[in-house]
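> Just need the structure, nothing else, for what follows:
(3 chains)
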Amino acid sequence: MRRGPSAFNVASVVLGMAFLYLPILLLVVFSFNASKLVTVWGGFSTRWYAALFQDQQMLDAIGVTLRVGLVSATLATGLGTLAALALSKVGGFRGRLLFSGMIYAPLVMPEVILGLSLLLLFVAVGAPRGIWTVTVSHATMTLCYAAVVIQARLVSFDKSLEEAARDLGRTPVQAFFDVTLPNIAPAVVAAWMLAFTLSLDDLVIASFTSGPGSTTLPMRIYSQVRLGVNPEINAVSTLLIGLVATGVIAAYLVQQRRKVAEDAV
Amino acid sequence: MTTSSRLNIGAVRCTFAPWEDPTAKPLIRFEGVVKRFGDDVAVNGVSLDIYEKEFFALLGPSGCGKTTLMRMLAGFETPNEGRITLEGEDILAKPAHKRPVNMMFQSYALFPHLNVEQNIAFGLKDLPKDERNDRVLEMLALVRLEGLARRKPDQLSGGQRQRVALARAIAPRPRLLLLDEPLAALDKKLRDETQFELVALQERLGMTFMVVTHDQEEAMVMSTRVAVMDKGQIVQVGRPSEVYETPNSRYVADFIGEVNLFEAKVISADGVTMTLAGDNCPAGYAVREDDLLSPGAAVTLAVRPEKIQVSQDRPPAGANGMAGKVADIGYLGDWTTYLITVPGGMTVRAARANSARIVERPIDWDDEVWLSFSPDAAVVLTS
Amino acid sequence: MSKLRPLHRGLPALAPFLWLAAFFLFPFVLVAKLSLSDIALAMPPYAPRLDLSKGLAGVSTFLHSLDFDAYRHMVEDGVYAAAYLSSLKFAAIGTGILLLVGYPMAYGMARCPPKVRQALLMMVVLPFWTSFLIRIYAWIAILKPEGLLNAALGWLGLPPVALMDNDPAVIIGLVYAYLPFMVLPLYSVLERQDESLLEAASDLGCTQFEAFWRVTFPMSLPGVAAGALLCFIPMVGEFVIPDLLGGSSTLMLGKTIWTEFFANRDWPAASAVAIILLATLIAPILIYQRQQAKLLDAQ
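Okay, the predicted model is just below:
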């Protein structure tokens, strides 16, 4: 039996969590503040949400961000799945070292470098900067995250399942679609969601690679924030946090329910 | 094997022996098969025939190459050298999914996202729908899982999963069924039952089975023939009783069952009985002469524990008698094992069936006892 | 026979391989090339440009006009060296504080009952999914002179503190933003630890603290290394945090690249800084990558 947490353990966790959540909580609370001043509570109000929905520039930025996110996450998940499959093959293949390097390096690479290098590429090939260059850049950055998430699932995936499928008359490609994919589907979905959120959040790479008319939401928020704290930003942030939190908590609850169902058997 | 035609070896008589018929055509033939992984040689020149309707066991310790041999048949590994044919046709040209060979995986490899029914139907996609459903029902009945068709694998017990894996592998009616350690995941009692069930099933279906196992009991109980493997090579092939009673090497004698090995030197031979000298038996050994050996040859006598009698009385002359002291006694219920120290310092293992409940003069620790075995009991090993 | 690694096994890798080669690897060549160019009043604002219409002569002219001016300028101007050192300093201090904060937290989580552990894990992951920018923005309202922190201090009768637009604010931001990256790898090694090892240690006469220090901690070192690298590397190149929370005197390389590029339109200088940053980080990145590969193989 595991010993229970000590008072010190509990205190570290509680303080750590408070540190993580207090700023977010304050931000959410003050998005409902009637006053324009952050430090003064002027009563409950949803006026900043109303203002948000009349801010055409903000709405445009949301539209751009969603489009970029949907397309880049889908691209990244497709490519990331293939990359994860290649990485999890036993015995490896020629060029594997370079390949795994290209998968892991972008995870820790400062975004400023990624953004700058991608911009130079688009300038060099004469691609007009806009929504497509941002999409391609985001897909590049997030495909590595997707690959790592899916690979983690593939590591625990019993390779003999694929062999069993081939033994029972499936070609390797059929075996992938009939057996592997249904079994790694949760990880593929998680990878897509991660890629989508990362794209939704990115400021630096988008700033380098976007052009006129393709201002993303983080870019818009950033330019507002530079001018100071603004309750409208609190409102849009609250909406974003709510969206992501709902997704993550829902995924967590589904996972818990499945676990409970498994334990019941 | 010359000995088997002259003597009745073992307690089982079986008329099914296609390997003794020179006109019989093998179902599977390995010819000089070699498989290397980098610098390691997993399978080193294996030639082997397996006949239709056999229940063939590949037996050996882990890493001996038995699993690799099986995976080459299934199509998951390709040999570096040699040929594998099925009814005379080269199967190496075919990918795994086109071979009429199915495998029951050690992990069972049941698809977790499919239920029992869908798992069994997985290999039947080329059959028309009606026929497929009929086959699935037939398989469910065969392995007695009718009520569980809609269950997912994680809702089944170990024994039930094993039966689903079996049903799924035999559903496409393969020419050959491969079983990779089929009983390894089951507990002892279930394993004992399942052994006999598998044999009954194989006979009913008339299918050829090849099983890979490291468990000698499993191999002995189920198979028509056993191939003992060591370091990528087949050391001996034969009926279970032949491999047990006439092992051809110290390795086989030692690997299958318990054995006492006495080092000895040939003194004389008269065509019926051979006399030998050795440190452990001052009076000299007398054993049946099976092969011609010249005096002075160094040999090893292999004697199974159950063929050694333990007695408090001195045995008659010529019965390979050895005086010794009881070092340890292991009571197993049906059997009792005695460890007895004999001259020369060797510890001999002798086993006695506990056929009577009441023993008049039980043997105790440190008792002085006599060991003996009949001239028939010893196998003379020259390698 | 030699050990041939079959190419076809890597077949699924082909598409992502080409993608990353085109959009990740190749652009670095361009950054390197540009760092050797000179600033120009044109669009794009650098020279020389490779003119292939003049054939080999064009290539030769191009190669000859590449120089190390951007780098020389960097050595001569002390601001760059200061930014370089201060980036490393910020990242090192940030990583140190993160270890001190993150380790007890991860350890406490690992000691909780499994059900609670799952929920706590989700709570650590959740901020990781929420926008970095928004989470830093949340701190502005707290730290600014007339912000929530000083309001609270005033209410308690304490003097206000200056924690905005300066270096301590950057450290707070770094620790806050990277805390999940530190806690997760630490938690994953601590959670997997076999409880019977601690029982064995106390059976052999260790006090609880000794058992921690001689068993738990050494065994968690791979997690410490992973967490430290995962935080240190991107922190060196961090832009958003020093930009929003730091003052005008806060120097960090990520901010320098941004300023050179967007404000000064000096693309060669931005590229040269990027190359220097990359050269600094390449060793820790390789160590991190090898460690990840080992971890995955071990599973």
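
> who's in contact with the nearest residue to B:L69 once chain neighbours are set aside?
Spatially, and ignoring its direct neighbours in sequence, B:L69 is nearest to B:V43 (5.6 Å; CB to CB, 6 or more residues apart in numbering or on different chains). C-beta: built from backbone N, CA, C; applies to glycine. Neighbour list for B:V43: B:33-35, B:65, B:68-69, B:72, B:79, B:232 [criterion: CB atoms under 8 Å, 6 or more residues apart in numbering or on different chains].

> Among the residues you listed, which ones are in helices?
Cross-referencing those against helices under DSSP state H gives B:68-69, B:72.

> Which of those residues ranks first by neighbour count?
Among the ones in helices among the contacts of B:V43, the one with the most neighbours (other CB atoms under 10 Å in any protein chain shown) is B:L69, at 28 neighbours.

> give me the element residue 85 is part of.
Since you didn't name a chain, this refers to chain A. A:L85 is located in helix A:56-88, with elements delineated by DSSP states H and E.

> not quite, I wanted chain C
Using DSSP H and E, C:L85 sits within helix C:78-110.

> buried residues in that helix?
Using 16 or more other CB atoms under 10 Å in any protein chain shown as the test for burial, helix C:78-110 gives C:80, C:83-84, C:86-88, C:90-91, C:93-95, C:97-99, C:101-110.

> What is that helix packed up against?
Using 3 or more CB pairs under 8 Å, 6 or more residues apart in numbering or on different chains; DSSP states H and E, the elements in contact with helix C:78-110 are helix A:7-30, helix C:69-76, helix C:114-129, helix C:167-192, helix C:221-236, helix C:253-258, helix C:267-298.

> So which of those helices is the most surrounded?
Stretch with highest mean neighbour count among the helices and strands packed on helix C:78-110: helix C:253-258 (a mean of 26; mean count of other CB atoms under 10 Å in any protein chain shown).

> do it and chain A meet at all?
Yes. For helix C:253-258, a contact with chain A is found by CB under 8 Å from any CB of the partner chain, at C:253-254, C:257-258.

> ditto for stretch B:140-157
Yes. Stretch B:140-157 lies within reach of chain A by CB under 8 Å from any CB, at B:154-155.

> residues from the stretch 101-250 of chain B in reach of chain A?
B:101-103, B:105-107, B:109, B:111-113, B:122-123, B:125-126, B:154-155, B:168-169, B:172.

> tell me the helices in the stretch 151-265 of chain A, going along the chain?
Secondary structure of the stretch 151-265 of chain A by DSSP state H, counting those that start in this stretch: the helices cover A:159-167, A:172-175, A:181-201, A:204-209, A:217-225, A:231-264.

> for the second one, which positions count as buried?
When burial is assessed from 16+ other CB under 10 Å, helix A:172-175 yields the following buried residues: A:A175.

> if we can go back for a sec, could you redo the helices and strands packed on helix C:78-110 as TSV and give each row distance to chain B?
Shown next, in TSV, are the helices and strands packed on helix C:78-110 (distance: least, CB to the nearest CB, whole Å):
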stretch	distance to chain B
helix A:7-30	32
helix C:69-76	46
helix C:114-129	19
helix C:167-192	23
helix C:221-236	28
helix C:253-258	45
helix C:267-298	17
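
> got a markdown table for the ones in helices among the contacts of B:V43, with pLDDT too?
Converted to a markdown table, the ones in helices among the contacts of B:V43 look like this (pLDDT from 0 to 100):
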| residue | pLDDT |
| --- | --- |
| B:T68 | 94 |
| B:L69 | 94 |
| B:M72 | 94 |
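
> Can you tell me which of those residues is closest to C:Q118?
Proximity of those to C:Q118 (CB to CB) peaks at B:T68, which lies at 41.1 Å.

> Any of the residues of the stretch 101-250 of chain B next to chain A buried? List them.
B:101-103, B:105-107, B:109, B:111, B:113, B:122-123, B:155, B:168-169, B:172.

> From those, which one has the minimum pLDDT?
Across the set of these, B:H113 stands lowest in pLDDT, at 87.

> shouldn't that residue be in contact with A:P182?
Yes. With contact defined as CB atoms under 8 Å, B:H113 and A:P182 form a contacting pair (4.3 Å).

> isn't B:P26 right up against B:S47?
No. Using CB under 8 Å, B:P26 is not in contact with B:S47; the gap is 10.9 Å.

> neighbouring contacts of stretch C:248-259?
Counting by CB under 8 Å, 6+ apart, A:110-113, A:116, A:204, C:79-80, C:82-84, C:86-87, C:90, C:165-167, C:170, C:236-239, C:242-243, C:246, C:270, C:273-274, C:276-277 sit against stretch C:248-259.

> And stretch C:17-25, by the same measure?
Stretch C:17-25 has contacts (CB under 8 Å, 6+ apart) with A:79, A:83, A:86, A:95, A:99, A:102-103, A:105-106, A:114, A:117-118, A:121, A:136-137, A:139-140, A:143, C:10.

> Among these, name the ones in helices.
Those of the contacts of stretch C:17-25 mapping onto helices are A:79, A:83, A:86, A:99, A:102-103, A:105-106, A:114, A:117-118, A:121, A:136-137, A:139-140, A:143, per DSSP H.

> Under the pLDDT cut-off, which ranges of the stretch 1-150 of chain C? List them.
For the stretch 1-150 of chain C, the stretches flagged by pLDDT under 70 are C:1-10, C:41-43, C:48-58, C:64.

> since we're on A:K159, how many residues are nearby?
A:K159 has 15 neighbours, counted by other CB under 10 Å.

> Any figure for the gap between it and chain B?
A:K159 sits 9 Å away from chain B when distances are taken as CB to the nearest CB, to the nearest Å.

> Can you give me the buried ones in stretch B:185-193?
By neighbour count on 16+ other CB under 10 Å, the buried set for stretch B:185-193 is B:185-186, B:190-191.

> show me the contacts for the residue in the stretch 101-250 of chain A positioned nearest to chain B.
Here the stretch 101-250 of chain A gets closest to chain B at one residue, A:L168, 3.3 Å apart by CB to the nearest CB. The neighbours of A:L168, taking CB under 8 Å, 6+ apart as the test, are B:97, B:102, B:122-123, B:168, B:172.

> wait, what's in contact with whichever residue of the stretch 51-200 of chain A sits closest to chain C?
Here the residue of the stretch 51-200 of chain A nearest chain C is A:P110; by CB to the nearest CB that distance is 2.2 Å. A:P110 makes contact with C:233-234, C:236-239, C:254, C:277, C:281 under the criterion CB under 8 Å, 6+ apart.
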